[in-house]
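S.K.: Give me coordinates for this.
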Amino acid sequence: MEDELEALKPPGSGPEMERWNREDLAAYIDTMKAEISKVEKILASKAGVTAEAAALFGSINND
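M.R.: Numbers count the residues shown, from 1 in each chain. As a prediction, this is how the structure comes out:
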């Protein structure tokens, strides 16, 4: 039922964390940290690919 109510909220309003208990808030922090770590790994991978392409093809300077 709560998921159905969440779906009716306007986008971008976010969860009502003020009502969450301490354990749920701590778990949410852990989830967000894991998500950040995942995105950082993706960014590092993309930076590596960009560096490899630059080394292979040379940098193009559009100045």
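
S.K.: Downstream of the helix or strand bottoming out on mean pLDDT in the chain, the next helix or strand is which one?
M.R.: Here the helix or strand of the chain ranked lowest by mean pLDDT, DSSP states H and E is helix 2-8, holding a mean of 69. The C-terminal neighbour of helix 2-8 among helices and strands, as given by DSSP states H and E, is helix 22-57.

S.K.: State the mean pLDDT of that next one.
M.R.: Mean pLDDT, helix 22-57: 90.

S.K.: packing partners for it?
M.R.: Applying 3 or more Cβ pairs under 8 Å, 6 or more residues apart in numbering; DSSP states H and E, we find helix 22-57 packed against no helix or strand. C-beta coordinates here come from the backbone N, C-alpha and C atoms, glycine included.

S.K.: quick one: it to chain centroid distance?
M.R.: The chain centroid and the centroid of helix 22-57 are separated by 7 Å under Cα atoms, centre = their mean, to the nearest Å.

S.K.: tell me which residues in it are buried?
M.R.: Neighbour counts over helix 22-57 (16 or more other Cβ atoms under 10 Å) mark no residue as buried.

S.K.: what's the burial count for Trp20?
M.R.: 13 (other Cβ atoms under 10 Å).
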